[in-house]
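> coordinates only, sequence not included:
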């Protein structure tokens, strides 16, 4: 069984459009950057950020950022992000901003659940992506 990654990114694309293709390209590039940024960082709470991209077949049924499922056996929390249908002029900056919001959502989830997780390692990963 593969070890759970401290911080990972997934993507669901609802079909091919010019904007969904742009989002997907930037998200895949960010996935590769996350692999490097998380090197040497461990966390008690593992985070998977799932970007949902509107396409010609399917669109997210929510806006912004929301908490998904928590898998207790490996402390993996999924945070879902519905990106805007149209990509901006700086999609990477938008994605980084969504990652910050995802970590904030994870923190809010831990507070609601009265759980003690140090999210400093997750914030360090996002900070590495900004530099």
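Structure's in. What do you need? Remember, predicted model here, so these are calculated numbers, not experimental data.

> bridged to the residue nearest to the spatial centre of the chain, which residues?
Of all residues in the chain, the one closest to the mean position by CA atoms, centre = their mean is residue 49, 2.3 Å from it. In this structure, residue 49 bridges to residue 9, residue 79 when assessed by DSSP bridges.

> show the contacting residues for it.
Going by CB atoms under 8 Å, 6 or more residues apart in numbering, residue 49 touches 7, 8, 9, 10, 78, 79, 80, 81, 98, 99, 102. Glycine gets a C-beta too; all of them are placed from N, C-alpha and C.

> redo that, cut-off 10 Å
By CB atoms under 10 Å, 6 or more residues apart in numbering, the residues touching residue 49 are 7-11, 27, 30-31, 34, 65, 68, 77-81, 95, 98-99, 101-103, 105-106, 122, 126.

> so which bits of whichever strand or helix holds residue 27 are buried?
Using DSSP states H and E, residue 27 sits in helix 18-37. Neighbour counts using 16 or more other CB atoms under 10 Å place 19, 20, 23, 24, 26, 27, 30, 33, 34, 37 of helix 18-37 among the buried residues.

> averaged pLDDT, that helix. What do you get?
Across helix 18-37, the average pLDDT comes to 96.

> for that helix, packing partners?
Counting contacts by 3 or more CB pairs under 10 Å, 6 or more residues apart in numbering; DSSP states H and E, helix 18-37 is packed against strand 7-13, strand 46-53, helix 91-112, helix 120-130.
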